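> Below are the sequence and a predicted model; questions follow.
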Amino acid sequence: MASISIVIPTELKQEIRGKPIFLLNANNRGDMYHIRVARSLKPGPLIIYGCNDNTKELQEYCSQIQPRTAMGTSPNHVIFTSSDRPGAVDKDTVYKFNGTTFSKKELTDPAKIKVTTETIDEKYVITEDKATAIIAGELGKLSPITTTDPKEKKVESKQTMEFLTRIRMSTALLDENQRSCLDVEFKKTTGNPFVTKFGTVPNDNNQTSIGTRVLILHRDSGVQPDGPYPELDTGAALSELVAIINTKGHKAIVAGDAEANGAWTIGKYWKHPVWKTVADYEILKGVGKRDRVAYMLEWAYRKGYFKMAVGFRSGVLDMLSFLGVPTVSISLRHLEGESRHNLLAKPILNRVNVFYNVSRHEETVWNSGVKVLLSPVGPQLSKTPKAKKVEPRKAPGGFTDMDNVTVRDAMEAVMAQVYSARSPAPRSIYTSRDALRSDANNRVRLLPEPGLIDYKVLRQRLPKKTALADGERLYPELAAMYNRTG
């Protein structure tokens, strides 16, 4: 994409010339949080393409870059189009200009507003990838405190806190009065799923034991028909994450449409009855649903209902990182988008990325052309005709024993850091050194090379005679080494 042509209000022409303009595919729902934060740091007009009835929350969320109240809106330039091409104009194209919405019909009416076609150079176009890079670049300017001068430490710490507060506030856009309004509701027994489930607010009653709870974000969007990244759905790994948390004396809380033995669950928190209660509050008019839900999770974290969150790579997990919550993001090594999400793995965000090596879902394949894993297989790799009726996919399986150890090591390090100030800071990225191999069905397995893992130490952590899933079928030599006793 050397350049794009877009139709814009004439009044906006001079404003955007030679300046950044954001592009977002409405199907990439998880990227809305990156776009929102990046636009708050580097403001610019936004084009959202591929819009439909299922993307209204994304459109609402991305339209704002500063709080708005019932008294009015802030100037903002956003273009929505249902076209699958950025910048295209069709009958459903809608423009938001200086807080006013215009349809295409109105845009062609000189009495309403004049429009023009503008060509934008690629260097000014900010896609989802560049948005994440903007955030990472700004975070990179906040260097660790190394000076011994107390005055300099105070100044540097103030700059860091101000910047992180800016990111947090832009992720959940509510002004102080709106936050106070929700604070009152959230403290009620029926005010949010955390109070409904666990009762009184921990920090209001000095109940420190509740702080050992770890939030697990359950993901199941990938198994839905045409859902993205079924590899990153929680699936059978949920019980394994619960076990890792509970064996260290903590307690798992599952957020989402799932339950697991040994864990509490708060269910579909985004559908809690409190949202109907506050729906008609005048002070909350104009505050989007995603902002309200984001603030609920931030409120629960700051009140001590949980102290960290873990889950498979997702936009909601990134949102929690932006809100200041210590997070562990789990993903398959070499899955598409890995390098971009590694940009967020920074100590200043309390973010740790951990990679497992063996794919858990049957549709995860290796694309030798671009050398990344795809989930699911794209049209260019699929050899079967598309079915008329798309059925839900199977949920992914659990971790292999070796991958379980990798995930467990990372989570234990983060839990130790979060719950003990004396523990050393964990690494930002956890993974085993690996080698690419694939079988006849183009399924990829990323397994540690013999000699790169201390098998004797690993042997002590696992039951005897435990084998890697599919290990004996694919790699008998590795399975034999792994199961060696002594």
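Good, I have the coordinates.
> From here on, just use CA atoms for contacts and neighbour counts.
Will do.
> Count the residues that sit near the residue nearest to residue 225 when sequence neighbours are not counted.
Closest residue in space to residue 225, ignoring its immediate chain neighbours: residue 392 at 4.8 Å, by Cα to Cα, 6 or more residues apart in numbering. Residues within reach of residue 392, counting by other Cα atoms under 10 Å, total 12.
> Residue 392 against residue 224, yeah?
Yes. Because the distance of 4.9 Å satisfies Cα atoms under 8 Å, residue 392 is recorded as touching residue 224.
> residues in contact with the residue most central in space within the chain?
The central residue of the chain, meaning the one whose C-alpha is nearest the mean C-alpha position (Cα atoms, centre = their mean), is residue 315 at 2.2 Å. Residues touching residue 315, when contacts are defined by Cα atoms under 8 Å, 6 or more residues apart in numbering, comprise 29, 30, 31, 32, 33.
> try it again with 6 Å
Residues in contact with residue 315, defined by Cα atoms under 6 Å, 6 or more residues apart in numbering, are residue 30.
> any idea how far it lies from residue 322?
10 Å (Cα to Cα, to the nearest Å).
> Likewise for residue 335?
22 Å.
> Looking at the two, which is more packed in?
residue 322 (29 against 21).
> and residue 4, how many neighbours?
Count around residue 4 with other Cα under 10 Å applied: 15.
> Equivalent analysis for residue 170, please.
Neighbour tally, residue 170, other Cα under 10 Å: 24.
> I'd like the distance between it and residue 137.
In this structure, residue 170 lies at 17 Å from residue 137, with Cα to Cα as the measure.
> ditto for residue 289
Distance of residue 289 to residue 137, given as Cα to Cα: 29 Å.
> same question, residue 62
In this structure, residue 62 lies at 21 Å from residue 137, with Cα to Cα as the measure.
> Likewise for residue 405?
As it turns out, when the distance is counted by Cα to Cα, residue 405 lies 32 Å from residue 137.
> Looking at these two, which is more packed in?
Between residue 405 and residue 137, counted using other Cα under 10 Å, residue 405 has the larger neighbour count: 18 against 13.
> Please identify which helix or strand holds that one.
In the assignment (DSSP states H and E), residue 405 maps to helix 401-419.
> try residue 80
According to DSSP H and E, residue 80 maps onto strand 77-81.
> and that strand, average pLDDT?
Per-residue pLDDT over strand 77-81 has a mean of 78.
> try stretch 261-272
The average pLDDT within stretch 261-272 is 94.
> what about it, start to end distance?
Across stretch 261-272, the straight-line distance between its terminal residues is 23 Å, by Cα to Cα.
> who touches that stretch?
Outside stretch 261-272, the residues touching it (Cα under 6 Å, 6+ apart) are 193, 252, 253, 254, 255, 256, 257.
> Need the buried ones from these selected in PyMOL.
Paste this into PyMOL to select the buried members of the contacts of stretch 261-272, with burial taken from 16 or more other Cα atoms under 10 Å:
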select buried, resi 193+252+253+254+255+256
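> So which of the contacts of stretch 261-272 sit within strands?
When strands are assigned by DSSP state E, the members of those inside them are 252, 253, 254, 255.
> any idea how far the second one is from residue 300?
When Cα to Cα is applied, the distance between residue 253 and residue 300 equals 12 Å.
> how about low-confidence regions in the stretch 301-450 of the chain?
367-371, 377-390, 421-422, 432-450 (pLDDT under 70).
> I'd like to know how far residue 170 sits from residue 296.
Using Cα to Cα, which is the criterion applied here, residue 170 is 15 Å from residue 296.
> shaky segments in the stretch 151-300 of the chain?
Scanning the stretch 151-300 of the chain residue by residue, the ranges that satisfy pLDDT under 70 are 151-156, 201-211.
> follow-up on the earlier one: now the element after the helix holding residue 405, going C-ward?
From helix 401-419 onward toward the C-terminus, using DSSP H and E, the following helix or strand is strand 429-430.
> name the helices or strands packed onto that following strand?
strand 351-356 (3 or more Cα pairs under 6 Å, 6 or more residues apart in numbering; DSSP states H and E).
> Please export the C-alpha coordinates of the strand it packs on as CSV.
The C-alpha coordinates for strand 351-356 follow below in CSV (Å, rounded to 0.1, in the frame of the first residue of the first chain):
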residue,chain,number,x,y,z
ARG,A,351,3.5,-7.5,31.3
VAL,A,352,5.0,-11.0,30.7
ASN,A,353,4.5,-13.0,27.5
VAL,A,354,5.0,-16.8,27.6
PHE,A,355,5.1,-19.0,24.6
TYR,A,356,4.3,-22.7,24.4
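> Name the residues that touch that strand?
Residues outside strand 351-356 that contact it (Cα under 6 Å, 6+ apart) are 326-333, 345, 403, 428-431.
> swap the cut-off to 8 Å and go again
Contacts with strand 351-356, where a contact means Cα under 8 Å, 6+ apart, come from 321, 326-333, 342, 344-346, 399, 403-404, 406-407, 410, 414, 426-432.
> In PyMOL, how would I select the buried members of those residues?
This is the PyMOL syntax for the buried subset of the contacts of strand 351-356, where burial follows 16+ other Cα under 10 Å:
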select buried, resi 321+326+327+328+329+330+331+332+333+342+344+345+346+399+403+404+406+407+410+414+426+427+428+429+430+431+432
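> domain parsing for the chain?
According to the domain assignment given by automatic domain parsing, the chain is divided into the following structural domains: 3-137, 172-449, 450-486.
> can you redo the ones you listed as TSV with distance to residue 157?
Supplementary listing: the domains of the chain in TSV, determined by distance: least, Cα to Cα, whole Å:
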stretch	distance to residue 157
domain 3-137	18
domain 172-449	11
domain 450-486	39
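> Now do the phi/psi pair for residue 303.
Dihedral angles phi and psi of residue 303 (degrees, to the nearest 10) take the values phi -90, psi -10.
> How many residues are close by it?
Around residue 303 there are 15 residues (other Cα under 10 Å).
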